[in-house]
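Chemist: got a sequence here, can you build the structure:
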Amino acid sequence: MMKRIFKHLIFSLIVIFLASCSHNAFPELGQTGNKYNLTTKSLLMKVGHTQSIDSLYDTGVDGYFNGANDVKIYYKYFLRDKPEKGAIVISTGRTEAAVKYKEVIFDLFNNGYSVYIHDHRGQGFSGRMIADADMGYVDEFRYYVDDMKYYIDNFVVPHNHKNTFLLAHSMGGAIGVTFLEEYPGYFNAAAFSSPMLGFGFANCLVIGLLTGDKPKYAMGHTNYDDGLVSFKENTLTGCEVRYNRMNQIFKEEPEARLGGATYKWANKSCKQFDVIFDDISKIETPVILFSAQDEEIVSSSAHNEFINKLNSLNKDVKAYLVNDAKHELLIEKDEIRIAVLTTVLDFYEGYES
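Modeler: Have a look, this model is predicted:
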């Protein structure tokens, strides 16, 4: 018992230490005007606008396909009438679901893009791999990539879009980077919001020691209900309206929600970080990355290492530090969210064929 407590204490101290040493030297993302007419907090407080967001979401084509190892994967997509600017494939973060991305989908669609999104295995409306549906678990990290490949090949490619772009957040960033390394040529350009590229080397060492055969919550993680915190305590966003909307969505769609991560999920993620950095030279797609100043979920130092390696290989890459921002840049305060999405859409336009 004392040995277990000691291991947990060491793990917690390492997390705190690494979080305090994770700043990077990217140029700061400046403020922008709202030239793409992106949704604002004031609009989200108007019933008519939220009804428009919901109405568009309800028109999406959805269904399931059998992913790797026969896990059912939920998908949804939104097709623009031609002409269109192209398609955007969204790769979401851990715990997320397509339904959480209503506002993002609405803004991208209204700027001329068809939008594709699927719920990663083990979360959202996709199938679970263990009995406890609240536990964040994956048997093999590469199954996330296999699912994404199947979805794109069978649902995106057949629509023959002129341009196809990637928008990836957090865990979806690790999946997206791996996809770029393994399958060049699918995307014109890729944008990464707070990508999960590391927890810190020492963290992964300790995670490896604590991972057993039976799924169990990682230190500090718990089921969904016990993990809920007030807006003031949250580490995701500085926008109270969007934070409350996120919680309300999962209250209305309890089957789509997910609790904390297991050691098994963390261990598989750690191993994937090694794969990502070993294969970084294989990336040919132009990349833009946004790293939050007040990041507490993923390693910002890993962002710095990733971008430095891409630059050393003369890859086409840009990166920005987003001041006064927490992890969830796509549901942050208006000035942050607008600046990030405007820069993403400007970036995409530079790579349209």
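
Chemist: please enumerate the helices of this structure.
Modeler: Here the chain has its helices, by DSSP state H, at 2-20, 41-44, 47-59, 102-109, 142-151, 171-182, 201-210, 224-227, 240-252, 263-278, 300-312, 334-349.

Chemist: nearest to Arg80, of those?
Modeler: Closest approach to Arg80 among those (C-beta to C-beta): helix 102-109, 6.7 Å. Just so you know, the C-beta spots here come from the backbone N, C-alpha and C atoms, and that holds for glycine as well.

Chemist: elements contacting the closest one?
Modeler: Judged by 3 or more C-beta pairs under 8 Å, 6 or more residues apart in numbering; DSSP states H and E, the packing partners of helix 102-109 are helix 47-59, strand 86-91, strand 113-118, helix 240-252.

Chemist: from what I can see His221 touches Gly259, true?
Modeler: Yes. Using C-beta atoms under 8 Å, His221 is in contact with Gly259, at 7.2 Å.

Chemist: of those two, which one has the most company?
Modeler: Gly259 (21 against 18; other C-beta atoms under 10 Å).

Chemist: the closest residue in space to the more buried one that isn't next to it in sequence: neighbour count?
Modeler: Of all residues not flanking Gly259 in the chain, Asp134 sits nearest, at 3.6 Å (C-beta to C-beta, 6 or more residues apart in numbering). A count of nearby residues for Asp134, using other C-beta under 10 Å, gives 18.

Chemist: could you do the one 4 residues further on as well?
Modeler: Other residues within reach of Val138, judged by other C-beta under 10 Å, total 26.

Chemist: out of the helices of the chain, which is closest to Asn69?
Modeler: Among the helices of the chain, the nearest to Asn69 by C-beta to C-beta is helix 142-151 (6.3 Å).

Chemist: from the contact counts, what lies against that closest one?
Modeler: Contacts defined by 3+ C-beta pairs under 8 Å, 6+ apart place helix 142-151 against strand 72-78, strand 113-118, helix 171-182.

Chemist: let's go with 7 Å and repeat that
Modeler: The contact analysis (3 or more C-beta pairs under 7 Å, 6 or more residues apart in numbering; DSSP states H and E) places helix 142-151 against helix 171-182.

Chemist: so for the protein, the centremost residue is which one?
Modeler: Nearest residue to the geometric centre of the chain (C-alpha atoms, centre = their mean): His169, 2.2 Å.

Chemist: list the contacts of it.
Modeler: For His169, the contacting residues are 92-93, 193-194, 330, by C-beta atoms under 7 Å, 6 or more residues apart in numbering.

Chemist: equivalent analysis for Asp139, please.
Modeler: Asp139 neighbours (C-beta under 7 Å, 6+ apart): Met129.

Chemist: so where's the protein uncertain?
Modeler: For the chain, applying pLDDT under 70 flags the ranges 1-24, 200-202.

Chemist: repeat that with 50
Modeler: Low-confidence segments of the chain (pLDDT under 50): 1-22.

Chemist: returning to that earlier point: for the residue nearest to the centre of the chain, give the beta-bridge partners.
Modeler: Residues in a beta bridge with His169, per DSSP bridges, are Ser193.
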